[in-house]
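Colleague: Fold the following for me, if possible:
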Amino acid sequence: QMQFMESGGGLVQSGGSLKLSCRVSGASLDGYALGWFRQVPGEDREAISCISIRDGSTYYADSVKGRFTISRDINGNTATLQMDNLKPEDTAVYYCLADWLTAHQPMCEMTLIDYWGQGTQVTVSS
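Modeller: Sure thing, here's the model as predicted:
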């Protein structure tokens, strides 16, 4: 059974930075992408970034492109999301996710996400 250990998050002022990390255990991640989606109460979930464990290819939502950077470790079971130039609209609960990749489905498609963790709060004050 896939288990997620999430860390990072917290409170930061607008323009500041935070780093999220996610370590996944309990399953081989070859063929998966790791990443994050976020959710604000009353709003839809938004997949914001993913990285393929196999080849390192990445996806970024337009809302975070140029500000967030995702990476994976050499062991392939940990992903890190460096979030810079944070804005108040980035405030949300951030969930680490694991996405099974296939040739016919786009990476980080929210409706196709298979597994996720318990989430961590990110709050950006203005």
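Colleague: So what pairs up with the residue nearest the centre of the chain in the strands?
Modeller: The residue lying closest to the centre of the chain (CA atoms, centre = their mean) is Trp36, at 1.8 Å. For Trp36, the beta-bridge partners under DSSP bridges are Ser49, Cys96.
Colleague: How many neighbouring residues does Glu46 have?
Modeller: Counted by other CB atoms under 10 Å, the residues lying close to Glu46 total 15. Backbone N, C-alpha and C define where each C-beta goes, glycine included.
Colleague: What of Ile74?
Modeller: The number of residues near Ile74, taken as other CB under 10 Å, comes to 6.
Colleague: Next: Lys87.
Modeller: So Lys87, with other CB under 10 Å, has 15 neighbours.
Colleague: Same question for Ile70.
Modeller: Neighbours around Ile70, by other CB under 10 Å: 23.
Colleague: these two touch, right, it and Ile53?
Modeller: No - in this structure Ile70 lies outside contact range of Ile53 using CB atoms under 8 Å: 11.5 Å.
Colleague: Distance-wise, check the residue lying closest to Trp100 once chain neighbours are set aside relative to Met107.
Modeller: Nearest residue to Trp100, sequence neighbours excluded (CB to CB, 6 or more residues apart in numbering): Asp114, at 5.2 Å. Separation of Asp114 from Met107 (CB to CB, to the nearest Å): 12 Å.
Colleague: Which of the two has more residues huddled nearby?
Modeller: Regarding Asp114 and Met107, a neighbour count based on other CB under 10 Å identifies Met107 as having more, with 18 against 10.
Colleague: That one contacts Tyr60, doesn't it?
Modeller: No - Met107 lies out of contact with Tyr60 (CB under 8 Å); the separation is 10.6 Å.
Colleague: So what's the gap between stretch 23-32 and the chain middle?
Modeller: 15 Å (CA atoms, centre = their mean, to the nearest Å).
Colleague: What residues sit buried inside that stretch?
Modeller: Going by neighbour count (16 or more other CB atoms under 10 Å), the buried part of stretch 23-32 is Arg23, Val24, Leu29, Tyr32.
Colleague: what about the spatially closest residue to Gln105 that is not a sequence neighbour, how many neighbours?
Modeller: Nearest-residue entry for Gln105: Leu112, 5.7 Å, with adjacent residues in sequence omitted and distances by CB to CB, 6+ apart. Using other CB under 10 Å, Leu112 is surrounded by 14 other residues.
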